[in-house]
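**Q** What would the 3D arrangement of this be:
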Amino acid sequence: MGAIDSFQARMKSAGGFARLARYEVIINPPENLLKEVGAEYVTGLSIMCDSITMPGKDLKTTPVKHGQGLTREQVTAHVYEGTITATFYLERNLEAKDFFELWQNQAVSNGSNHVNYYDDYASGSMEIHQLSSIPITETTYHIPQSEVEGSKYKDAPIDRFGHELPIAKTQKKTHETIRTYSMKVEEVYPATIGQIDYAYATVNEIARLSVEFQYRSWKEM
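**A** Purely as a prediction, here's the structure:
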């Protein structure tokens, strides 16, 4: 088998490539903030996530030398890389901006230097899902002709046993969205809320808000 054949076989067995535009974000804010804004708004905010970075992980090493041997880089720990940067579409009243500012106020009240408990603002989490799709087999079912919308049969024909003759209908569903990889990020909070740049030249553009989330760790779901 040649290199191209091996590559094609690999992609076929894997179900194709991962697409960067196929993702899902679920934000789970701290319980006290969720009670204040409501679960319905948080669900809608997750849908308004225009872009997001999936965090990485790094291995921390230190040089180790034994006797006259060559120095080795030995792993001492793993490090969860950086922050998560996301952008969100903004409503006309900038409600998403208000939401993230309320979340930051759970850490430090606006206009004061009083810092609250860590769990008050960092007990939330975030889920990032890679999405794909799978084909769905067509299914055929039978229903009475009199129940078909717009049917011309006012009095549906019956067979010799007195049963109404059915009509066959085919239900077509080409693909179904599935999650192929999922990550849960723990102890999340919005460390930085970005600025909004206004300009007359952007008359047809939708306003977006950039948010950098700090977190403690993540795990594969």
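**Q** switch to C-alpha atoms for all contacts and neighbour counts from now on
**A** Noted.
**Q** and the gap between residue 28 and residue 8?
**A** 39 Å (CA to CA, to the nearest Å).
**Q** Which of those two has more residues huddled nearby?
**A** residue 28 (19 against 13; other CA atoms under 10 Å).
**Q** Count the residues that sit near residue 127.
**A** So residue 127, with other CA under 10 Å, has 20 neighbours.
**Q** which SSE is residue 46 in?
**A** Using DSSP states H and E, residue 46 maps to helix 39-47.
**Q** Tell me the buried residues in that helix?
**A** Within helix 39-47, the residues scored as buried using 16 or more other CA atoms under 10 Å are 42, 45, 46.
**Q** go on, stretch 24-37?
**A** 24, 25, 26, 27, 28, 29, 30, 33, 34.
**Q** Out of these, which is nearest to residue 207?
**A** Of all these, residue 207 sits closest to residue 25, with 19.3 Å by CA to CA.
**Q** Surely that closest one and residue 47 touch.
**A** Yes. Counting by CA atoms under 8 Å, residue 47 is a contact partner of residue 25 at 7.2 Å.
**Q** ranges for the helices of the protein?
**A** Counting by DSSP state H, the chain has helices at residues 3-14, 31-37, 39-47, 95-105, 118-122.
**Q** Tell me which of the ones you listed sits nearest to residue 128.
**A** Per CA to CA, nearest to residue 128 of the helices of the chain: helix 39-47, 10.3 Å.
**Q** Which neighbouring elements make contact with that closest one?
**A** strand 23-28 (3 or more CA pairs under 8 Å, 6 or more residues apart in numbering; DSSP states H and E).
**Q** so what does the strand it packs on touch, helix or strand wise?
**A** So strand 23-28, by 3+ CA pairs under 8 Å, 6+ apart, packs with helix 39-47, strand 124-135.
**Q** For the first one, give the mean pLDDT please.
**A** In this model, helix 39-47 carries a mean pLDDT of 92.
**Q** So what sits opposite residue 126 in the bridge?
**A** Per DSSP bridges, the residues bridged to residue 126 are residue 27, residue 185.
**Q** wait, it sits on residue 42?
**A** No. Taking CA under 8 Å as the definition, residue 126 is not a contact partner of residue 42, at 11.5 Å.
**Q** Identify the contacts common to these two.
**A** 27, 28 (CA atoms under 8 Å, 6 or more residues apart in numbering).
**Q** quick revisit: now the buried residues of stretch 24-37 as TSV including distance to residue 108 and pLDDT?
**A** TSV is the format used below for the buried residues of stretch 24-37 (distance: CA to CA, whole Å; pLDDT from 0 to 100):
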residue	distance to residue 108	pLDDT
24	30	95
25	26	96
26	24	95
27	21	95
28	20	95
29	16	95
30	15	94
33	14	93
34	17	93
